[in-house]
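Visitor: Kindly return the folded structure for what I paste below:
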Amino acid sequence: QVQLVEYGGGLVQAGGSLRLSCAASGRTFTMNTMGWFRRAPGKEREFVGGIHWGGGSTSYADSVKGRFTISRDNAKRTVYLEMNSLKPEDTAVYYCAASREGLRNTPSGYAYWGQGTQVTVSS
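Guide: Prediction:
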């Protein structure tokens, strides 16, 4: 089992920044990649970006490319989502997820999920 806990959500004005953290524990050595997803009210869960634990390569959704950055600290088993130039349409519950597979942009590719953290961007 792998446990994931997100931190860092909150309320921010448009144009502002937030950093989310996702701390992993348990059998994390079985995980290959970490992903960030979000679900806005009335919408399906969508891929934000992801990172390989080992090499650190990343992938991002077009909607956040150039504004969001994912990084990881292997020693702390923590993944970060740095969000800059936030827009009201970034308002959502943000989830981190762990996968045994390569980077996937669909929720079905991830075996473990955090509880989510709310990010609200005011205009």
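
Visitor: From now on I want contacts and neighbour counts done on CA atoms only, so please keep to that.
Guide: Fine.

Visitor: got a list of what the most centrally placed residue in the chain touches?
Guide: Compute the mean C-alpha point of the chain, and by Cα atoms, centre = their mean the closest residue is residue 36, 2.4 Å away. Counting by Cα atoms under 8 Å, 6 or more residues apart in numbering, residue 36 touches 47-50, 81, 94-97.

Visitor: Show me the beta-bridge partners of it.
Guide: residue 49, residue 96 (DSSP bridges).

Visitor: Nearest residue to the spatially most distant residue from the centre of the chain in space, please, no chain neighbours.
Guide: Farthest-out residue of the chain from its mean C-alpha position, per Cα atoms, centre = their mean: residue 123, at 22.6 Å. Closest residue to residue 123 apart from its sequence neighbours, by Cα to Cα, 6 or more residues apart in numbering: residue 14 at 5.3 Å.

Visitor: and the one you found, what does it touch?
Guide: 85-88, 121-123 are the contacts of residue 14 under Cα under 8 Å, 6+ apart.

Visitor: Equivalent analysis for residue 40, please.
Guide: Here residue 40 is in contact with 90-93 (Cα under 8 Å, 6+ apart).

Visitor: tell me the phi and psi of it?
Guide: Phi and psi for residue 40, reported as degrees, to the nearest 10, are phi -90, psi 160.

Visitor: how much space between it and residue 7?
Guide: The gap separating residue 40 from residue 7 is 18 Å, by Cα to Cα, to the nearest Å.

Visitor: likewise residue 50?
Guide: Plainly put, residue 50 is 17 Å away from residue 7 if you go by Cα to Cα.

Visitor: Settle it for me: which of the two has more neighbours?
Guide: Taking neighbours as other Cα atoms under 10 Å, residue 50 and residue 7 compare with residue 50 leading, 29 against 17.
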